[in-house]
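Chemist: quick one, fold the following:
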Amino acid sequence: MKTNIFKPVSLGFLKLKNRISMAPMTRARNADGIPNSDNALYYSQRAGAGLIITEGTAISETSKGVLYIPGLYTPGQVEGWKKVTKAVHEKGSVIFAQLWHVGRVSHSSNQPGGIAPVGPSDIQATTSFAWGYDENGKEGPVISSKPRALSTNEVKDVINDFVKAAKNAIKAGFDGVELHGANGYLIEQFLNPFVNNRTDEYGGTIEKRSKFLLDVVDAAIEAVGNDKVAIRLTPYGGLGDLPHYDEIEATYHYLANELTKRNLAYVHLMDQQSKGSHALPDGFPERFRSWYDGVIILAGSMTKEKAEKLINAGTIDIAGFGEPFISNPDLVARLENNWELTPPDRNLYYGLGNHGYTDWETYKNL
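Modeler: Sure thing, here's the model as predicted:
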């Protein structure tokens, strides 16, 4: 039987008004790191989606690699996010906060006191950019600085930062948190043997390189409950200077089995092809479906036709749309009615101000 992706649905712990998710997208609209009424308007405009996942949100002062992103580590940030969650809930949508530590994909200008960023090792991401200040104090893309390897005790401290941010997210009214284990950031850096050369409990075998991810998941579950914890993954991705390695398939098979045991809210897979990186290999979503017994979201170059095909086949449960939501606040209505989409303008993706943020028209107002 064909699934109507626009109808309400219960999926595991989630009760959604449709099977469409707004994927997380950095918009860099918070000069002070505190969400405000403009952010509340932006997300509420897009609350036609059954599930909204916020932009990557910093878990600490040292977790950032982009200027002007919001955080979830101060009381002021918690209060700011309450405006966002209230506005989205009033529109009948579910909202998860994406918790973000960029690891080595950062620059000293993003760090307090200009210190080095941290990573699983001191191996630098020499062709990956952060968004910070160059040597002349000019804002823009800057090559990621050489990182400092986290000590074993410091790894535990970062896990505690994720926990604090998760607790703060629930205080702020979020329905749950999505741990950012994708796109070449800290959690994924630990998975990759070309970046993770550690000799402690967090390096070596697949199980040891996966330990940081699973420790973060377990600590978040203990803090807020498994029904409020999810994770994003980018198998076969290459962002953040992460080379492919022989054990990719085995790593994600292992993770799928382990995450199934933990009964998360969902696992969010992303195909990085739309980001100029590697596509998921043919058949991988189907293989992951056979390994993971829970709710799966897939994002990356998603279309209505692709969403319906994958959901009807049982490969995924929710379709994630990213960039189309930027210029189409009413994306769900446009997809349902086959209305034309407004093309996005990449020049307006980032930066302060509301132009290109909250001033996109709905179809009926064009």
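
Chemist: which pLDDT value does the model give residue 275?
Modeler: What the model reports as pLDDT for residue 275 is 68.

Chemist: for the lengthiest helix in the chain, name the packing helices and strands.
Modeler: Identified as the longest helix of the chain according to DSSP state H is helix 152-171. The contact analysis (3 or more C-beta pairs under 8 Å, 6 or more residues apart in numbering; DSSP states H and E) places helix 152-171 against helix 75-90, strand 94-100, strand 176-181, helix 211-224. (C-beta placed from N, C-alpha, C; glycine too.)

Chemist: how much does the shortest one deviate in direction from helix 152-171?
Modeler: So the one you mean is strand 176-181. 150 degrees (axes from the mean of the first three to the mean of the last three C-alpha atoms, to 10 degrees).

Chemist: what mean pLDDT does strand 176-181 get?
Modeler: 98.

Chemist: again, but for stretch 58-69
Modeler: On average, stretch 58-69 scores 98.

Chemist: all strands of the protein, in order?
Modeler: Counting by DSSP state E, the chain has strands at residues 9-11, 14-16, 20-22, 51-58, 94-100, 118-119, 129-133, 139-143, 148-149, 176-181, 229-233, 266-270, 296-299, 318-321.

Chemist: and these: which comes nearest residue 255?
Modeler: Proximity of the strands of the chain to residue 255 was assessed by C-beta to C-beta; the nearest stretch is strand 229-233, lying at 7.2 Å.

Chemist: centre of the chain versus that closest one, how much separation?
Modeler: With C-alpha atoms, centre = their mean, to the nearest Å as the basis, strand 229-233 stands 8 Å off its chain's centre.

Chemist: between that strand and strand 94-100, how big is the angle?
Modeler: 60 degrees.

Chemist: check which helices and strands strand 229-233 sits against.
Modeler: Against strand 229-233 (3+ C-beta pairs under 8 Å, 6+ apart) you get strand 176-181, helix 211-224, helix 248-262, strand 266-270.

Chemist: now these in a markdown table, with mean neighbour count?
Modeler: Listed next are these as a markdown table, based on neighbours: other C-beta atoms under 10 Å:
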| stretch | mean neighbour count |
| --- | --- |
| strand 176-181 | 27 |
| helix 211-224 | 20 |
| helix 248-262 | 17 |
| strand 266-270 | 27 |
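
Chemist: which one, of these, ends up nearest to residue 152?
Modeler: helix 211-224 (10.6 Å).

Chemist: give me the contacts around that closest one.
Modeler: Helix 211-224 has contacts (C-beta atoms under 8 Å, 6 or more residues apart in numbering) with 120, 155, 159-160, 162-163, 166-167, 169-170, 176-177, 179, 181, 187, 190-191, 201-202, 229, 231, 255, 258-259, 262, 264.

Chemist: how does it look with 6 Å?
Modeler: 159, 162-163, 166-167, 170, 179, 181, 187, 190, 202, 229, 258 (C-beta atoms under 6 Å, 6 or more residues apart in numbering).

Chemist: same check on stretch 337-347?
Modeler: By C-beta under 6 Å, 6+ apart, stretch 337-347 touches 323, 324, 326, 327, 328, 334, 363.

Chemist: hang on, the earlier thing: now the helices and strands packed on strand 229-233 as JSON lines including distance to residue 303?
Modeler: JSON lines is the format used below for those (distance: least, C-beta to C-beta, whole Å):
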{"stretch": "strand 176-181", "distance to residue 303": "23"}
{"stretch": "helix 211-224", "distance to residue 303": "30"}
{"stretch": "helix 248-262", "distance to residue 303": "24"}
{"stretch": "strand 266-270", "distance to residue 303": "15"}
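
Chemist: out of the ones you listed, which is closest to residue 235?
Modeler: Closest among the helices and strands packed on strand 229-233, once you apply C-beta to C-beta, is helix 248-262, at 4.6 Å.

Chemist: what count of nearby residues applies to residue 282?
Modeler: Per other C-beta atoms under 10 Å, the neighbour tally for residue 282 reads 7.

Chemist: now it: how far from residue 246?
Modeler: 19 Å (C-beta to C-beta, to the nearest Å).

Chemist: contacting residues around residue 155?
Modeler: residue 202.

Chemist: what's the answer for residue 209, then?
Modeler: Residue 209 neighbours (C-beta under 6 Å, 6+ apart): 190, 191, 196.

Chemist: out of the helices and strands packed on helix 152-171, which gets nearest to residue 298?
Modeler: That would be strand 176-181 among these, by C-beta to C-beta, at 14.0 Å.

Chemist: what residues does that closest one touch?
Modeler: Under C-beta under 6 Å, 6+ apart, the answer for strand 176-181 is 53, 56, 96-100, 166, 169, 187-188, 213, 216, 228, 230-233, 265.

Chemist: direction included, what does it pair up with?
Modeler: Here strand 176-181 has these sheet partners by DSSP bridges: strand 94-100 (parallel), strand 229-233 (parallel).

Chemist: want to throw the ones you listed into CSV with mean pLDDT and mean neighbour count?
Modeler: Putting those into CSV (pLDDT from 0 to 100; neighbours: other C-beta atoms under 10 Å) gives the following:
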stretch, mean pLDDT, mean neighbour count
strand 94-100, 98, 27
strand 229-233, 98, 27
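
Chemist: make CSV out of those and add distance to residue 292.
Modeler: Rendered in CSV, the data for these read as follows (distance: least, C-beta to C-beta, whole Å):
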stretch, distance to residue 292
strand 94-100, 18
strand 229-233, 10
